[in-house]
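**Q** Okay, here's the prediction I keep looking at, along with the sequence it came from:
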Amino acid sequence: MRMVIDRYISKSGAKSGPKRDPRHIHLSIMLAVSVVLGGCASTASRNPQVPPCGGDTMIETQLFFGMSKPDGGSVSEEDWDAFLQREIVPHFAEGFAVLETHGFWQDGRTQQTISEPGRMISRLLRPGDAEAIPLIVEAYKQQFHQESVLRIDTTVCAKF
């Protein structure tokens with residue numbers, strides 16, 4: 001960018017006024033760009049009552065279920081579908097997403113990086129939903145002999 005500014009100054013041949021230092025022009029352009037980009041900042045910071053997407057501020061919960069069992073087997077599709085229908089659908093009947101995943105984690109005992117297929121449930125929480133999540137997690141851990149189920153909660157803006 002500096003080279004372009006230098007060429008512009010040398011080609012303009014402006015005789016009126018003193019010749020400007022290209023560094024000052026470069027700084028002026030950078031200042032102008034930062035002012036313009038500063039105006040693009042989210043209105044959410046100016047008005048925290050209005051979510052940036054024009055929808056509702058909600059909590060998205062993601063639950064990550066590993067499909068490998070400690071005995072070397074894996075959770076079958078039939079077992080997963082039965083678990084989904086029995087433990088998740090009754091709590092989140094209004095809707096949720098299920099995604100197939102492939103995760104990596106380090107075994108604390110062996111320090112080996114383990115790779116396994118999994119499933120991720122994504123749910124925008126409604127009042128009362130949060131109480132169901134520990135029940136779902138515990139049911140999965142017990143039924144499929146899992147050490148843990150990863151839970152991630154994120155504040156999001158959702159508009160339907």
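**A** Cool, got the structure. Numbering: from 1, shown residues only.
**Q** Grab the CA positions of the helix or strand where Ile121 lies and hand them over as CSV.
**A** Assigned by DSSP states H and E, Ile121 belongs to strand 113-124. Listed next in CSV are the C-alpha coordinates belonging to strand 113-124 (Å, rounded to 0.1, in the frame of the first residue of the first chain):
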residue,chain,number,x,y,z
THR,A,113,-4.4,-39.9,21.5
ILE,A,114,-7.6,-41.8,20.8
SER,A,115,-9.8,-41.3,17.8
GLU,A,116,-13.4,-42.4,17.8
PRO,A,117,-16.7,-41.8,16.1
GLY,A,118,-19.4,-40.0,18.0
ARG,A,119,-22.6,-38.1,17.9
MET,A,120,-23.3,-34.5,18.9
ILE,A,121,-26.7,-33.2,20.0
SER,A,122,-27.3,-29.5,19.7
ARG,A,123,-30.2,-27.9,21.5
LEU,A,124,-31.3,-24.3,22.0
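**Q** what lines up beside it in the sheet?
**A** Applying DSSP bridges to the sheet, strand 113-124 is found paired with strand 56-66 (antiparallel), strand 97-106 (antiparallel).
**Q** Now do that strand, average pLDDT.
**A** For strand 113-124, mean pLDDT is 96.
**Q** Let me know which of the strands paired with strand 113-124 is tucked in deepest.
**A** Among the strands paired with strand 113-124, ranked by average contacts under mean count of other Cβ atoms under 10 Å, first place goes to strand 56-66 (a mean of 18). To be clear about C-beta, it is placed using only N, CA and C from the backbone, and glycine gets the same treatment.
**Q** Let me know the next secondary structure element after that one.
**A** helix 77-83.
**Q** if we can go back for a sec, contacting residues around the strand holding Ile121?
**A** Residues outside strand 113-124 that contact it (Cβ atoms under 8 Å, 6 or more residues apart in numbering): 58-68, 74, 80, 88, 92, 95-107, 129, 156, 158.
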